[in-house]
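Undergrad: One predicted model, sequence on top.
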Amino acid sequence: MKQRIYIDTSVIGGCFDMEFEEWSNRLFDDFKSGKRIAVISDVTLDELSDAPKRVQDNFKTIPDHFMEILVSDSDSRNLADLYLKEGAVSGKFYEDALHIAISTINQVNVLASWNFKHIVNLDRIRLYNAVNLKNGFSMLEIRTPREILKFEEDED
């Protein structure tokens, strides 16, 4: 079964950022070739609507049959609220909590992000996963695209 990777807008925009472009574009190549499935949500689509046109256009290069679109629902909103209640992230960054919750509930293989402040942050990852475990959900792998792809390089 192909790896399902939830990507937030930082990964999509990272294709045009000197610091992140190599790894974001390599991950996009995997999505375009069907090696992996790109998983996004209605939250991601909403955030993309404010992104520059080149970012939106690049996102559209992923074939529909190699993409899965998830929808936030009451379960994911409730879990995101629990992350806020437990202090994993503040209400100002609710959408970040919602990305984590949607990924958790839909059991993606890994969430990829370049958001080091609110998502790919060891202390926050521990808090997100503590809330997950306390509420009967699995732990969620949260990594940068570089970490996801680097592991494979090391296997070769």
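TA: That came in fine, so what should we check first?

Undergrad: which residues of the protein score low on pLDDT?
TA: 151-156 (pLDDT under 70).

Undergrad: Mind jotting down where the strands sit in it?
TA: 3-7, 36-41, 67-70, 110-112, 142-143 (DSSP state E).

Undergrad: got JSON lines for those strands, with mean neighbour count too?
TA: Just so you know, the C-beta spots here come from the backbone N, C-alpha and C atoms, and that holds for glycine as well. As requested, the strands of the chain are exported to JSON lines (neighbours: other CB atoms under 10 Å):
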{"stretch": "strand 3-7", "mean neighbour count": "22"}
{"stretch": "strand 36-41", "mean neighbour count": "23"}
{"stretch": "strand 67-70", "mean neighbour count": "15"}
{"stretch": "strand 110-112", "mean neighbour count": "25"}
{"stretch": "strand 142-143", "mean neighbour count": "20"}
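
Undergrad: Please list all residues in contact with residue 30.
TA: By CB atoms under 8 Å, 6 or more residues apart in numbering, residue 30 lies in contact with 36, 149.

Undergrad: if we can go back for a sec, and the strands of the chain: which comes nearest residue 124?
TA: Among the strands of the chain, the nearest to residue 124 by CB to CB is strand 142-143 (8.4 Å).

Undergrad: and the closest one, what does it pack onto?
TA: Secondary-structure packing of strand 142-143 (3 or more CB pairs under 8 Å, 6 or more residues apart in numbering; DSSP states H and E): strand 110-112.

Undergrad: Including distance to residue 95, could the strands of the chain go into a markdown table?
TA: Output for the strands of the chain, formatted as a markdown table (distance: least, CB to CB, whole Å):
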| stretch | distance to residue 95 |
| --- | --- |
| strand 3-7 | 13 |
| strand 36-41 | 10 |
| strand 67-70 | 14 |
| strand 110-112 | 13 |
| strand 142-143 | 15 |
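
Undergrad: Among the ones you listed, which comes closest to residue 87?
TA: Of these, nearest to residue 87 by CB to CB is strand 142-143, at 17.0 Å.
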